[in-house]
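Asks: got a predicted structure here, sequence first:
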Amino acid sequence: ALEDVPQPGLFLRRSLARATVIDNYVYIEGGELSQDALTEPDLSITKWRKPHQVNSTISIDLSTSWTAASVSMKATKKPDDVPRKGRAQIWTDLSEKAFYLWGGAKPAGFIERDPKTVWKFTTDGNGGGKWSKEVANNEIVFQSLRMGDRGAYANTNTTGFVLGGHVHRDTEVGQTGVTIIHGMAAFNMKTKTYEAISSPLGNDAFTAGIMQCVPQFGVDGKGLMVVLGGMLSATGSNDVKEMTALGFDRVVMFDPETKKSWEQKATGEIPPTPRSYFCHAGFKNKDGGFDIFISGGENVQRGQSRYSDAYILSLPGFFWKKVPDMPTGSRANAACVPVKNKQVLSIGGIGSGGDWDSKDANPQGLMLFDMTALKWKYEYDALDDAPYESADSIKEWYKNGSLANVQWSSSEVQKMFATSSDSPTPSGDTTADISPSGSSTPGSGENGGSSTPIGAIVGGVVGGIAVLALIVGMVWFLLRKKRQSQAE
């Protein structure tokens, strides 16, 4: 019989899912699964190696330590009227301990039940919960918005955003062809109202990139939304020959309140493009900075050519650091979430060739990445809850004074990254040697150490400029006074 959480020995692949963290649980929503089936008279094992829809919301307990090979997952069966979708967009409301499901695509061959509805999953504190329909308080605006899949999404404490995405026959009833969405939609989780917003990318349609809430930077330290990767289409066409990549040297940002947008050039070890369907996770570090992790993804202009590499974008320095590759090869369409303070949990994904029939080298499709040690592993440590420190190589960049050499796109952008605060909170939306048996093998990595806080570095730079200006002013005053005395 088919299970949404098959026995580890029968598990093959999980992909196209989304994930978020609420309290002590990771919730895995949607996507598809392939597995070997137990022997049945009228079913062949080969048949069930093909992917099928996931009919439950899955959760993993974070309150205790576990390994990828042995962790137990809980399945909460969906009611019949709740859609089964992949590549959806989700927004997390930590105050209500709930997440919202926007759009997504039905699995091929399945009938969509209710495509123009936002669904809400309210957790119960034990890894389960209940689904309910979310009714808009401005229905006309809601109905005017395109609800697709593969959009870039993130949320603040109050508002969820989705930028771009695909619209096709598996996302909207009656849709013919494939169209890339222009613009952005926003959902206020408190007032239950929707808004259509201009894209921070101008007139280009956008799909298959990511969005990350960065809580402590921005205007008056009120937070920013950062957009990375993906593909741009000037016409909205899905023809990859007409699309261009959003390079990772181009960091696009917008204010979640005013919706004003900016760009800043990034430097360092820039990830190659085109890159879509990669996973990401964001971490605020103890020195006041913010690090965005990315791994894998797909080059859509080369068929199903997929990446195995991983990188960290460090803010406020806007520099990329390459970190160890995924040890089990390339994969796209994985879901990544930050767990505890410095661990990335990678869930599922498909390798080059899109092979659902082969068994994932990661037990149950799970592996973790330690952001400080820069190591891949299979053990989750529930006790490792110390404040996150960036890796030594990242801290060294700041200690060397490199922040003073950043070529800012404007004084306004520079000012936004010179201060920090603690709000809003981002949602819990994503190489050392590693052993597929579930035990880590020592490999290349870095241990955290002491460093000068980023705030102190920024302050030192600003203070140095002020002292220099004072000295120049004094010299000018003394020379002027001397000339006046000589004239007398």
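Replies: Received the coordinates, thanks.

Asks: look up how far Val344 lies from the residue positioned nearest the centre of the chain.
Replies: The residue lying closest to the centre of the chain (Cα atoms, centre = their mean) is His280, at 3.6 Å. His280 sits 9 Å away from Val344 when distances are taken as Cβ to Cβ, to the nearest Å. For the C-beta atoms, the positions are set from N, CA and C on the backbone; glycine is no exception.

Asks: Ser305 too?
Replies: When distances are taken as Cβ to Cβ, Ser305 and Val344 turn out to be 23 Å apart.

Asks: same drill for those two, tell me which one is more crowded.
Replies: Neighbours of Ser305 and Val344, each counted by other Cβ atoms under 10 Å, are more numerous for Val344; the result is 24 against 14.

Asks: beta partners for Phe290?
Replies: Phe290 forms beta bridges with Lys284, Leu315, as assigned by DSSP bridges.

Asks: that one and Lys284 touch, don't they?
Replies: Yes. Between Phe290 and Lys284 a contact is recorded at 5.3 Å, counting by Cβ atoms under 8 Å.

Asks: between those two, which has more neighbouring residues?
Replies: For Phe290 versus Lys284, the count of surrounding residues by other Cβ under 10 Å is larger for Phe290: 26 against 21.

Asks: mind showing which ranges of the chain have poor pLDDT?
Replies: Along the chain, the parts satisfying pLDDT under 70 run over 1, 38-49, 108-115, 353, 419-488.

Asks: at which residues are the helices of it located?
Replies: Counting by DSSP state H, the chain forms helices over residues 139-144, 392-399, 411-416, 454-487, given from the N-terminal end onward.

Asks: give the buried residues for the second one.
Replies: Translated: helix 392-399. 392, 394-395, 397-398 (16 or more other Cβ atoms under 10 Å).

Asks: save those residues as JSON lines, and put in distance to Ile197 too.
Replies: Compiled in JSON lines, the buried residues of helix 392-399 are given as follows (distance: Cβ to Cβ, whole Å):
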{"residue": "Asp392", "distance to Ile197": "40"}
{"residue": "Ile394", "distance to Ile197": "33"}
{"residue": "Lys395", "distance to Ile197": "36"}
{"residue": "Trp397", "distance to Ile197": "34"}
{"residue": "Tyr398", "distance to Ile197": "34"}
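
Asks: which of the residues you listed sits closest to Ala37?
Replies: Each of the buried residues of helix 392-399 was checked against Ala37 using Cβ to Cβ; the closest is Ile394, at 46.1 Å.

Asks: distance check, that closest one against Asp255.
Replies: Here the distance between Ile394 and Asp255 works out to 26 Å (Cβ to Cβ).

Asks: please apply the same query to Asn203.
Replies: In terms of Cβ to Cβ, Asn203 sits 20 Å off from Asp255.

Asks: between the two, tell me which one has more neighbours.
Replies: Taking neighbours as other Cβ under 10 Å, Asn203 and Asp255 compare with Asp255 leading, 17 against 11.

Asks: contacting residues around the more buried one?
Replies: In this structure, Asp255 makes contact with 218-219, 222, 224-225, 261, judged by Cβ atoms under 8 Å, 6 or more residues apart in numbering.

Asks: quickly note the distance from Leu33 to Asp370.
Replies: Taking Cβ to Cβ, one finds Leu33 at 27 Å from Asp370.

Asks: of those two, give the one with the bigger neighbour count.
Replies: With neighbours defined as other Cβ under 10 Å, Leu33 and Asp370 compare such that Leu33 has more, 26 against 21.

Asks: which strand residues bridge the more buried one?
Replies: Here Leu33 shows beta-bridge partners Arg14, His52, assigned using DSSP bridges.

Asks: thinking it is in contact with Pro51, fair?
Replies: Yes. With contact taken as Cβ under 8 Å, Leu33 and Pro51 are classed as touching, separated by 6.4 Å.

Asks: give me the common contacts of these two.
Replies: Between them, Leu33 and Pro51 share the contacting residues Arg13, judged by Cβ under 8 Å, 6+ apart.

Asks: what is the burial count for the closest residue in space to Glu412 that isn't next to it in sequence?
Replies: The shortest distance from Glu412 to any non-neighbouring residue, by Cβ to Cβ, 6 or more residues apart in numbering, is to Trp262 (7.1 Å). Taking other Cβ under 10 Å as the criterion, the count of residues near Trp262 is 18.

Asks: and Trp262, how far is that from Arg18?
Replies: Here the criterion is Cβ to Cβ. By it, Trp262 lies 28 Å from Arg18.

Asks: quick one, what contacts the residue nearest to the centre of the chain?
Replies: Neighbouring residues of His280 by Cβ under 8 Å, 6+ apart: 210, 212, 228, 292-295, 336, 429-430.

Asks: got a winner among those residues for most neighbours?
Replies: Counting neighbours by other Cβ under 10 Å, Ser295 leads the contacts of His280 with 32 neighbours.

Asks: what's opposite the nearest residue to that residue once chain neighbours are set aside in the beta bridge?
Replies: Taking Cβ to Cβ, 6+ apart as the measure, Ser295 lies nearest to Ala310, with 3.9 Å between them; neighbours along the chain are not counted. For Ala310, the beta-bridge partners under DSSP bridges are Ser295, Val323.

Asks: give me the distance between Asn341 and Ala37.
Replies: When distance is defined by Cβ to Cβ, Asn341 is 40 Å away from Ala37.

Asks: got it, and Ser411?
Replies: Remark: distance between Ser411 and Ala37 (Cβ to Cβ) = 62 Å.

Asks: neighbour count winner among those two?
Replies: When Ser411 and Ala37 are compared on other Cβ under 10 Å, the one with more neighbours turns out to be Ala37, at 17 against 8.

Asks: fine by me, we can end here.
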